[in-house]
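# Requesting a structural model of the entry that follows:
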Amino acid sequence: MSKQSKPLLRRFLPYYRRYWKTVAFDLACAALTSAAELALPMIVREITGRATSPQGLAELTTAFVLRMGGIYILLRILEAAANYYMQYVGHVMGSRLETDMRTDLFHHLQQLSFSYFSETKVGQIMSRITSDLFEVTEFCHHCPEEFLIAGIKIIVSFCLLIRMNVLLTLLMFGVLPFMVFFAWRYNHKFRAAFKKRNKQVGEINAQVEDSLLGVRVVKSFANEEVEERKFDEGNQKFLEYKATSYRYMAEFGTSNRIFDALMYILVVTVGALLIKDKKLSVADYTAYLLYVSVLLGAIRRIVEFIEQFQRGMTGIERFYEIMDAPAEIRDAPGAVDLSDVRGEVVFDNVGFHYQDGTDVLHHLNMTVRPGQSVALVGPSGAGKTTLCNLIPRFYDVTEGRILVDGHDVRELKQKSLRQAIGMVQQDVYLFSGSVLDNILYGKPGATREEAVEAAKLAGAHGFISALPDGYDTYVGERGVRLSGGQKQRISIARVFLKNPPILILDEATSALDNESERLVQASLESLARGRTVFTIAHRLTTIRNADVIWVLTEHGIEETGTHAQLMAKGGLYANLYRMYTENVSGQANG
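Next up is the predicted model:
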């Protein structure tokens, strides 16, 4: 076993703890399956010994033969029962282990911050949570069985044969160290090949997902051939990695067949010479030949299992690569629940930079009163969305602090903090399911009546009722069956149902047509009443009624004030507003 495998196995073993009784009985059954195979050569030896000697021939009675046959039949019945248990209960145990690991993996993924998902392809994650863990299922069930069976056969065979003839036994077992050496030599090659292969499966998954989710863009540009070419490149690379792993398997298997032949040649030739010199009986010679088959059968199973073993170890390795990814945003020890939220938000000397060192915010000091409406405007990349993402702790500030009702957000439990904040974003995500399911996502456990009331408040009840199945209409993957405005109003209904005291609107109308924008804007104004609201605005005409406007640039907040105050000032905001209105006017005239 390689140095890489040992620490992985030590980490993996606790997953067996819950099923230790099943594992113990499964291994007992594995030992039983070896009994019949190990007993057969000794039974044949006894019969052959009696048949080849004048004294023993008289003892080769019908009763003796039937007794030997009965013992062998009993062992075969026990073997069949044990094998049934291994095939059924053992595989179910492996599936349960897989389920436990998948549960842990999904739970850990839910704890990871935005930064992890911005750097990791979803296809790679999907590959690890599905196909990689399936390989682990087979590994965790078969690995203990195969090694125990092989170990029993080798040890018992050696103990029985050494008593018959020391020289022939040592020659026969002297081949095994060379087989072990070759297995060790190829071990790291298998691991590297399977890891590349599994990684490429993830790349294919990511490419397919990217192409299918963007199928409308693909078709609109008539780029089907481009996508097919990209897929073929990834698919061919997967074939190359797989072919490499099969070449290693072929080389390893061929070397073991050579050792098989060597072991047979040694037993046949040396055994025959020992018979000639009367140092080995025909009965013992027969037993040796049968035990060679037993040993080689065990070794072949191990050789065949090497591929499965390496696939399983690769799956475990890739599993722990995700499990070892740090959950950067965690509840602090002693974190408290945020309750009775008023909605005051204070930015106290806030600064933030991403992990790659990109600076976004510097020394930001602002106070937002409960129920106040704040609009954030400025050029792209100034940090408007980042600033709003810091409030619910999607990222942590790198300097200073953010206070909600006087509590540093890092000292609050994430769940209670985020339950107090509602977000409506430009890119609406609807889950596969019904309209009702998507609205209820805002408050799991709410009633249908509450969802309908939220839809009415969001101005969505009319169009939902007109859908083929009303609130039970299937929206399609990512809501593809609905228009942009419809999806946006469903997302607003979801937030109405949540009823948060703090609201973040991230360019919620920028992707909509004029009619949809008018409807959604009315819904947003209704949603914003009585709440602390942060609005990131692309269409500046939608924020004229904000209590305060923050003009954010790469240098920080350069201007603050109401729309009227900032226009009278004639500064950066006034220039941005004039350019926007002139552009809108030009488009209208055009």
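# where do the helices sit along the stretch 351-500 of the chain?
384-390, 414-419, 435-440, 448-457, 461-465, 484-498 (DSSP state H, counting those that start in this stretch).
# So what's the model's average confidence on the third one?
The one in question is helix 435-440. If you average the pLDDT over helix 435-440, you get 90.
# Identify the residues contacting it?
Outside of helix 435-440, the residues within contact range by C-beta atoms under 8 Å, 6 or more residues apart in numbering are 430-431, 446, 448, 451, 454-455, 464, 467, 470-473, 475, 479, 490-491, 493-494, 497. For the C-beta atoms, the positions are set from N, CA and C on the backbone; glycine is no exception.
# filter the residues you listed to the buried ones?
Applying 16 or more other C-beta atoms under 10 Å to the contacts of helix 435-440, the neighbour count classes 430, 446, 451, 454-455, 464, 467, 471, 473, 475, 479, 490-491, 493-494, 497 as buried.
# Which residue in those residues has the weakest pLDDT?
Ranked by pLDDT, those bottom out at G479, which scores 68.
# what helix or strand is M101 on?
Assigned by DSSP states H and E, M101 belongs to helix 91-111.
# for that helix, packing partners?
Applying 3 or more C-beta pairs under 8 Å, 6 or more residues apart in numbering; DSSP states H and E, one finds that helix 91-111 makes contact with helix 20-51, helix 133-162, helix 282-323.
# For the nearest residue to V292 once chain neighbours are set aside, which residues are in contact?
Among residues not flanking V292 along the chain, V267 sits closest, at 5.2 Å (C-beta to C-beta, 6 or more residues apart in numbering). Neighbour list for V267: 168, 172, 288-289, 292 [criterion: C-beta under 8 Å, 6+ apart].
# make it 6 Å
Neighbouring residues of V267 by C-beta atoms under 6 Å, 6 or more residues apart in numbering: 172, 288, 292.
# where's I557 relative to R578, distance?
20 Å (C-beta to C-beta, to the nearest Å).
# More neighbours: the two, which one.
Legend: neighbour count by other C-beta atoms under 10 Å for I557 and R578, higher for I557 (20 against 13).
# Now do the buried residues in the helix or strand L212 falls within.
If you go by DSSP H and E, L212 is part of helix 176-213. By neighbour count with 16+ other C-beta under 10 Å, helix 176-213 contains the buried residues 179, 182-183, 186-187, 189-208, 211.
# ok, now stretch 100-110?
Using 16+ other C-beta under 10 Å as the test for burial, stretch 100-110 gives 101-102, 105, 109.
# just the residues you listed now: which is nearest V345?
L109 (29.0 Å; C-beta to C-beta).
# Generate the ChimeraX command that creates a selection of the buried members of the contacts of V267.
Applied in ChimeraX, the following selects the buried portion of those according to 16+ other C-beta under 10 Å:
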select :172,288,292
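# okay if I get the buried residues of stretch 100-110 as a markdown table plus distance to I275?
A markdown table is the format used below for those (distance: C-beta to C-beta, whole Å):
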| residue | distance to I275 |
| --- | --- |
| M101 | 55 |
| R102 | 58 |
| L105 | 60 |
| L109 | 66 |
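# Out of the residues you listed, which is nearest to A327?
Checking the buried residues of stretch 100-110 against A327 with C-beta to C-beta, the nearest one is L109 at 9.6 Å.
# where does the stretch 101-250 of the chain have low pLDDT?
213, 215-217, 219-221 (pLDDT under 70).
# Looking at M323 now. What's its pLDDT?
pLDDT for M323: 89.
# for R301, same thing?
You'll see R301 listed with a pLDDT of 76.
# now do the one 3 residues further on
Here, the pLDDT recorded for E304 equals 68.
# can I assume I265 sits in a helix?
Yes: remark: I265 belongs to a helix, assigned using DSSP: H, G, I helix; E, B strand; the rest coil.
# got a list of what I502 touches?
Contact analysis of I502 by C-beta under 6 Å, 6+ apart lists 343, 420-421, 532.
# Could you rerun that using 7 Å?
Going by C-beta atoms under 7 Å, 6 or more residues apart in numbering, I502 touches 343, 345, 420-421, 531-532.
# now it: how far from R300?
Relative to R300, I502 is positioned 66 Å away (C-beta to C-beta).
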